[in-house]
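Trainee: Build me a structure from this.
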Amino acid sequence: MPKIGNIELPDFPLLLAPMEDVSDPPFRRLCKQHGADLMYSEFISSEGLIRDAIKSRQKLDIFDYERPVGIQIFGGDEEAMAMSAKIVDAVHPDLVDINFGCPVKKVVCKGAGAGVLKDVDLMVRLTKAVIRSTNLPVTVKTRLGWDENSINIDEVAERLQDIGVQALTVHARTRAQMYKGHSDWTHIERIKNNPRITMPIFGNGDIDSPEKALEYKNRFGLDGMMIGRAAIGYPWIFDEIKHYFKTGEHLPAPTIHDRVEAARNHLIWSMEWKGERVGIVEMRRHYTNYFKGIHGFKEYKQKLVTLDDHHALLSVLKEVEQVYSDYQFA
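Mentor: Below you'll find the predicted structure:
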């Protein structure tokens, strides 16, 4: 069973990916209920933490029912990364994760996220600064390289392990691919088979079904896998994958009751954590995913993304459950 510091994980754990504007405490709570073994905060700007930016500070909120949970930070300045690691240390997550994989231009242009893949020496210095500034285990999430002509994940893995990184998650795409094209897990398999590598290696990219999860588990021999976009509006994927691993059979698809209950809880928890107004507005991006594939749902979706009163929203959800009570999901 993989171990990160003193964190003992189950055999072949399923990790929830840190996703900006998605992986907040309400969403993480749902995924934890449905089988996620290790989760991370949204990624947090080291400069934002130091400036005491409200949004960055709020992302530090973690709760005991989530554990084990990590806080992910990013940045391109050693001093800022060191200072932010100390701030993170004070809220007592189970680990600190460094993002060297975000491909978004506004992050890369600051010499952070996947931008650091162009300079492995800088990556090592930034990571050392974090490790020196915290007593928590430090892990890293990154990509294969900047583009297909500069895949350097083998060097990255060895050098990060050498300075004390305790687990590595690799999104099996280059920065140039963004989120397009196919991921290539053979590069991650090569790292895992490197006799020098002893830290846990987790794979990420394109896991969207129990069948694919089992295929990749058997084919690439990694220590676990991270799931991101496939969990948005579908937190059941973790339980479904675990059940398929054990039995080779599929769990029944979540019913309309399951979907309404998840959306309702997500809304309520969002309002509790963010305040009613912000919770309502930021929940709007999730409804389409919870009710994906339902024919004739446009009228209800329009109400869910425009109503500003939580009582009215809860009434709409109740009506959805009644109207589609016999709906059969594939």
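Trainee: ok, residue 210 - contacts?
Mentor: 237, 240-241, 243-245, 250 (C-beta atoms under 8 Å, 6 or more residues apart in numbering). Bear in mind the C-beta positions are built from the backbone N, C-alpha and C, glycine included.
Trainee: Buried subset of those, written for PyMOL?
Mentor: A single PyMOL command selects the buried members of these (16 or more other C-beta atoms under 10 Å):
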select buried, resi 237+240+241+243+244+245
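Trainee: Report the backbone C-alpha coordinates of stretch 220-229 in CSV.
Mentor: Provided in CSV are the C-alpha atoms of stretch 220-229 (Å, rounded to 0.1, in the frame of the first residue of the first chain):
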residue,chain,number,x,y,z
PHE,A,220,0.8,0.5,-16.3
GLY,A,221,1.4,-0.9,-12.8
LEU,A,222,1.3,2.5,-11.0
ASP,A,223,0.5,3.1,-7.3
GLY,A,224,-2.9,4.8,-7.9
MET,A,225,-4.7,7.2,-10.1
MET,A,226,-6.0,10.7,-10.0
ILE,A,227,-9.4,11.6,-11.4
GLY,A,228,-10.4,15.1,-12.3
ARG,A,229,-12.9,16.2,-14.9
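Trainee: Show me the contact partners of it.
Mentor: Residues contacting stretch 220-229 (C-beta under 8 Å, 6+ apart): 2, 9, 12-17, 19, 36-37, 141, 167, 169, 179, 185-186, 188-189, 192-193, 200-204, 207-208, 213, 216-217, 237-238, 241.
Trainee: what is the mean pLDDT for it?
Mentor: The average pLDDT for stretch 220-229 rounds to 96.
Trainee: same deal with stretch 17-29?
Mentor: Stretch 17-29 comes out at a mean pLDDT of 93.
Trainee: which ones among the contacts of stretch 220-229 are found in helices?
Mentor: Counting by DSSP state H, the contacts of stretch 220-229 place 186, 188-189, 192, 213, 216-217, 237-238, 241 in helices.
Trainee: Determine which two of those are furthest apart.
Mentor: Farthest apart among these by C-beta to C-beta are 186 and 238. That separation is 24.9 Å.
Trainee: quick one, which of the two is more surrounded?
Mentor: Each of residue 186 and residue 238 has its neighbours counted (other C-beta atoms under 10 Å); residue 238 has more, 24 against 10.
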